[in-house]
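Colleague: model this:
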Amino acid sequence: MTYTDNTHSKIIGYILWIFGFMGAHRFYFGRPISGTIYFFTLGLFLIGWIVDLFLIPGMDEDADMKYRGGKKDYTISWILLTFLGIFGIHRFYMEKWLTGLIWLLTGGLFLLGWLYDLWTLNEQVSEINQEAY
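Modeller: From the prediction side, this is the model:
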């Protein structure tokens, strides 16, 4: 694989690492399974959380190679999902107007849609960026 775009930010990764015992940085870098495990085990009983301090540069590089850059920014999408996800603001940002409206009226489709987006946001943004080319 070759380096294509700088889609994710190490700085944001380290900021999220502060809350990493809840899996935030792992979700951001496109690792939803381990993010979920970290959420339920408090960062693998804080041991995995400490180890991740040294793994973030590699996670960032992997995310940069895996996801396509383009007109939609991953970091903005993640900030909107994290703080306004149940209102669907991240979906409006991605120009998904219908589902954004549904999320707005139903509290992120009763939080299940918000959880779905937590698992798939990187792929959704990458798909939008792929269509732009």
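Colleague: which residues touch the most centrally placed residue in the chain?
Modeller: By CA atoms, centre = their mean, the chain has its centre lying nearest to residue 28, at 3.4 Å. By CB atoms under 8 Å, 6 or more residues apart in numbering, the contact set of residue 28 is 8, 12-13, 16, 63, 74, 78. Backbone N, C-alpha and C define where each C-beta goes, glycine included.
Colleague: 7 Å instead, please
Modeller: Contacts for residue 28 (CB atoms under 7 Å, 6 or more residues apart in numbering) come out as 8, 12-13, 16, 78.
Colleague: likewise for residue 77?
Modeller: Per CB under 7 Å, 6+ apart, neighbours of residue 77: 90, 93-94, 121, 125.
Colleague: returning to that earlier point: which one of the contacts of residue 28 is nearest to residue 70?
Modeller: residue 8 (13.4 Å; CB to CB).
Colleague: which element is residue 118 on?
Modeller: Using DSSP states H and E, residue 118 maps to helix 112-131.
Colleague: now that helix: buried residues?
Modeller: For helix 112-131, the neighbour count (16 or more other CB atoms under 10 Å) marks 113-114, 117-118, 121-122, 124-126, 128-129 as buried.
Colleague: residue 82: which of these is nearest?
Modeller: Nearest to residue 82 among those, with distances taken as CB to CB, is residue 118, at 8.8 Å.
Colleague: ok, the closest one to residue 26 distance?
Modeller: 11 Å (CB to CB, to the nearest Å).
Colleague: what do you get for residue 84?
Modeller: Computed with CB to CB, the distance linking residue 84 and residue 26 is 21 Å.
Colleague: and these two? Which one has more around it.
Modeller: Neighbours were counted for residue 84 and for residue 26 using other CB atoms under 10 Å; residue 26 has more, 28 against 17.
Colleague: so that one touches residue 33, yeah?
Modeller: No - Residue 26 lies out of contact with residue 33 (CB atoms under 7 Å); the separation is 8.6 Å.
Colleague: phi and psi next, for the spatially closest residue to residue 78 that is not a sequence neighbour.
Modeller: Leaving out its chain neighbours, the residue that sits closest to residue 78 by CB to CB, 6 or more residues apart in numbering is residue 28, at 5.5 Å. Dihedral pair for residue 28: phi -60, psi -40, per degrees, to the nearest 10.
Colleague: cheers, nothing more for now.
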